[in-house]
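S.K.: Structure, please.
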Amino acid sequence: MFQKVDSKIIFPQLEESILRFWEEHMIFPRSVAARKGAPHYVFYEGPPTANGSPGVHHVLSRLFKDVICRYRTMKGYYVPRKAGWDTHGLPVELEVEHSLGFISKTQIEDYGVTQFNERCRQSALGYIGEWEAMTRRIGYWLDIEQPYITMDNDYIESCWWIIKELWNKGLVYQGYKVTPHCPRCGTSLSSHEVALGYADAEDPSVYIKFKVVPPVIASPDLSGRGNPIEIPRYARNDTSCQFGADPGLPTYLLAWTTTPWTLPGNTALAVAPQAEYSLMACPQDYLILARTIIDRIKLQDYTEAGIVSGETLTSLRYEPLFNPHNFDVLRLSLPSLNPQKPEESLTYPVIGADFVSLEEGTGIVHIAPAFGEVDFNIGMEKGLDFVQPVDLEGKISGSYSFAAKFVKDADPLILEDLKLRKLLYRSEKIIHTYPFCWRCDSPLLYYAKRSWYIKTTAVKDRLISGNAEINWHPDYIKYGRFGDWLENNVDWAFSRERYWGTPLNIWRCSSCANCECIGSVDELKRKANLQGLETPLDLHRPYIDKVFFSCSKCGGEMRRVPEVIDCWFDSGAMPIAQWHYPFENEDKFKENFPADFICEAIDQTRGWFYSLHAIATLLFNEPCFKNVLCLGHVLDAQGEKMSKSRGNVVDPETVINSYGADALRWYMLVSATPEENHRFSTEMVLETMKKFLATLWNSYSFFTLYANIDRFKPLTSNPQSLGPGDWGLGSTSLLDSWIISQLNRLTFEVTKALDNYNPTSAARQIEKFVDDLSNWYIRRSRRRFWKSENDGDKLAAYSTLYYCLVTLSRLLAPLTPFIAEAIYQNLVRSIDPGAKESVHLTDFPVADEAKIDDELNRDVELAMKISSLGRAARAKAGIKVRQPLSSMVVKVESEEEEKALNRLTNDILAEVNIKEISIVLCLRTSDFGLRTSSMPGYSVAGDAKYQVALNTQLTPEMLCEGMSREIVRRLQNMRRAAGFDVADYIITYYQTGEQVKQVVLNFADYIKQETLSWELLDAPPPDGAYSEKHYISGNEILLAISKIKMQNAKIQSKMQNF
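M.R.: Numbering: from 1, shown residues only. As a prediction, the model looks like this:
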């Protein structure tokens, strides 16, 4: 006997009992250990930062990782799963700053680095309990007892070793470059961090006038293109300007920018040398801009007065908008960065550059070498001036009227200043993509300063060729998002001017500037005259900052540089550092490198995926992962990305407590393909639970209910090798052959999908099978289960359904591990104590392709399609399925389909509740007496391939039969409401008018059989009977039922769940 299964299951309660079973019996560690010695399947866990509560969006990646790892284990692989925690960097620091109410780095210095970093240490794992609870509750099997933690000394030491290896290869250097800088966090960011924070923003779109140093021309000629005239001696370089203008009017170069705050740093204007530029005249002044831009700019009151090449314009100079010497700001020379003396009549050059676009702006680009990589590079090339009027907090320095303002706040003040000086031609707004800090959402500034770099460009070709060896899912990421990123690779700015992180292991001599990279604690301890190393050892700041030793070159004092390293370097080092390699565990490192599988959200193409790939390529010249599954993001119901700052994060515990982890897992599996974004709402989870889990559970409940009544005992608890005809019971049912064919086809396709890292495809196919099992196989087989005798056909039906449910429990084990375990324990372990103790200790099913009959599968699929169209035609006519109809004509496309439907006619007749069916290859008037779907007496439904025409004319006999079916439905509902068991026999009492009474008498045998009514009595109900008043076809009827006890009664009831 199987345990009784309540159809009204509360999934969260069921799952808690399963969790206790797993833990008491150590199922997870046993599932891993059982495969030891088998082929190793290596999985890397991307380390989350546990300094905040997990949201439902964190469930997504953990779900997909769990599915693949469970599947590979059931396929016979040894799949250890080591947890990890990312504990360094801005995510942790900003959380602590927020808790302390800090808004700038200076407050950290005032507070004390020692105390601040101690708070970071506590915060880094402050929510680890919640993360572990979430991990446990969603069924994500992971070794959380022995995790790698990036703040551990051993982990840091391995990172030091990696950096030392790169140092020895000449791949680490300090450079003065423009880097993305967060003014709030006070540190540089790497290019892959910048890629994580782009967002649309509204900014000024302004056109600024730069006054050309006079005289520009020698004689006026406004009649046309103008006459050739000479440039002043100091500017001409033996060239001539081919437009004429009034020398008494000022001439301006018109440039466009969206960052007015960079204008105080302007030291040049760039033009396209080969382009044509126009001199546009009006009564007050002249403007110079690219000729192709004129119509787009829509200059008012200006006419073209002349044309000249961009090359010619490079002879001009112009007045600075803001002479830095007048505002107490240094003017340096590039490339030496030496200070320059003040000049009252300072002018800047016009230069030619190939990056000048004629697609936007004015064809003249404002150059500020302090604020842009392109600007800085051209400044170095051309020897331009370098003016930096913004400090590292993003505030304007010097004595400008807008000094001390944050740059974005200074924009309107700068524009007002220029407007008063008549240098602002036009001011508008623009929505464009701008980079923001990926952690604090502050707008980033591109800022020239010294940083430490890893020369990833030195291995660019190998990064690209290594990527070709990786299997990306979806595959377009390989040469798209990730491939493009590698093609545009820049050196990794990996130092951070922060506090809580792996300290950069470079010491510099204060006397001779000699630098040494330290690769291990032991190497540090062996340094000459070492001082400041404390016990117990802590490699973090500020303790490591106190460690100094003698310079090997001059004997001077070597002190560590102040930076820490990018936390993405920490996480990218995990294949090595999780084992404290090379200092120990060499065998474990080699066994677990490279990974067979990693999985995270798609934005990690510029984060963890990149840092993993870069470090492995730099060190070992090979990729460190073979297969990667990229996931979309979890969005809220409105399509917005979930984040704490938006306040739209959903607590997974709330969802799981309401609907269960399997419901959440299934929703995330089927609602979108892995790479697509998932819109999330609890209503969607509920709908998924009803559509799939409830359907599966009802099928399982139905089986156990009737199997127990009939004391069915399976031939084997592992029916993989059995099928119709193997039972020895004489089954000839097409339904059995079909569902077992479908089951083996399903097993084949699910295996294929999971082998290809597509759990969504696997889940959707299982969902379709469960729907077919419930709404076709069981419904079409129900009378086989109800008949009183235990003949071969009935036992074959039980055995077939048992086979399907047990196989489903194993197919579902990686996907919905809780319900899979519940079904397995009851259907397998309850009758076979010698079976594997858990479904998760069994092997994944293997398809028996000999039992796959694709022709039969297609035929039944067609029958289901035609039945669906028949029901649609009923709905269109407003006629319930319980009301019998006389006939239906079906149009199919081929003789093969006609033969298929002829084989399955009885199933279609029963599904659509009709008496006759005609199958034709084309619809003719004679087939059903109509040409249009609107003709009275017929209802037509169809699609591009198939069409049905349903005869909707009702005879008195059909109406009476329909009323009898309605009476049966009401009695079945009353049995449930009264709490009767499905096997209970009843006496039915009724009181009604003559018309309905005659229906009861005419269909008495049918009503008795369907409702287990021992008697139908036309009499008032006795006391204690359960009664209800109903209206059927406008006729009132009082129905009452009372339970009777019968010995050895055989159930003949209509099943209640379907």
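S.K.: Neighbouring strands - and their directions - for the longest strand along the chain?
M.R.: Ordering each strand of the chain by length in residues (DSSP state E) puts strand 198-211 first. Strand pairing for strand 198-211, using DSSP bridges, gives strand 251-257 (antiparallel), strand 424-435 (antiparallel).
S.K.: The helix or strand just after the shortest one pairs with which strands, parallel or anti?
M.R.: Heading C-terminal from strand 251-257, the first helix or strand you meet, by DSSP states H and E, is strand 268-271. According to DSSP bridges, the neighbouring strands of strand 268-271, each with its direction, are strand 348-352 (parallel), strand 364-367 (antiparallel).
S.K.: gap between strand 268-271 and the chain center?
M.R.: Offset of strand 268-271 from its chain centre (C-alpha atoms, centre = their mean, to the nearest Å): 43 Å.
S.K.: isn't Gly175 right next to Tyr453, touching?
M.R.: Yes. In this structure Gly175 lies within contact range of Tyr453 using C-beta atoms under 8 Å: 5.4 Å. (C-beta placed from N, C-alpha, C; glycine too.)
S.K.: which of the strands paired with strand 198-211 sits most buried?
M.R.: Greatest average neighbour count among these goes to strand 251-257 (a mean of 23), per mean count of other C-beta atoms under 10 Å.
S.K.: what is the rounded mean pLDDT of that one?
M.R.: For strand 251-257, mean pLDDT is 96.
S.K.: what do you get for stretch 856-867?
M.R.: Mean predicted confidence for stretch 856-867 is 95.
S.K.: for stretch 311-322, same thing?
M.R.: The model assigns stretch 311-322 a mean pLDDT of 95.
S.K.: for it, which positions count as buried?
M.R.: For stretch 311-322, the neighbour count (16 or more other C-beta atoms under 10 Å) marks 312-322 as buried.
S.K.: Dump the C-alpha coordinates for that stretch into PDB.
M.R.: In PDB, the C-alpha atoms belonging to stretch 311-322 read as follows (Å, rounded to 0.1, in the frame of the first residue of the first chain):
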ATOM      1  CA  GLU A 311      43.700  71.300 -42.500                       C
ATOM      2  CA  THR A 312      43.800  75.100 -43.000                       C
ATOM      3  CA  LEU A 313      42.000  75.700 -39.700                       C
ATOM      4  CA  THR A 314      44.900  74.000 -37.800                       C
ATOM      5  CA  SER A 315      46.800  77.300 -38.400                       C
ATOM      6  CA  LEU A 316      44.400  79.200 -36.100                       C
ATOM      7  CA  ARG A 317      44.600  79.800 -32.300                       C
ATOM      8  CA  TYR A 318      41.900  80.900 -30.000                       C
ATOM      9  CA  GLU A 319      41.400  82.400 -26.500                       C
ATOM     10  CA  PRO A 320      40.800  80.100 -23.600                       C
ATOM     11  CA  LEU A 321      37.400  80.200 -22.100                       C
ATOM     12  CA  PHE A 322      39.000  80.200 -18.600                       C
END
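S.K.: can you give me the strands in the stretch 151-300 of the chain?
M.R.: Remark: strands assigned in the stretch 151-300 of the chain by DSSP state E, counting those that start in this stretch are 172-182, 187-188, 198-211, 229-230, 240-241, 251-257, 268-271, 276-281, 286-290.
S.K.: The residue nearest to Trp85 when sequence neighbours are not counted and Met574, how far apart?
M.R.: Spatially, and ignoring its direct neighbours in sequence, Trp85 is nearest to Ile149 (4.9 Å; C-beta to C-beta, 6 or more residues apart in numbering). Distance of Ile149 to Met574, computed by C-beta to C-beta, to the nearest Å: 11 Å.
S.K.: Val890 too?
M.R.: Val890 is 61 Å from Met574, by C-beta to C-beta.
S.K.: do Cys804 as well
M.R.: Relative to Met574, and taking C-beta to C-beta, Cys804 is found at 42 Å.
S.K.: right, so of the strands of the stretch 151-300 of the chain, which gets closest to Tyr1026?
M.R.: Ranking the strands of the stretch 151-300 of the chain by distance to Tyr1026, with C-beta to C-beta as the measure, places strand 198-211 first at 63.2 Å.
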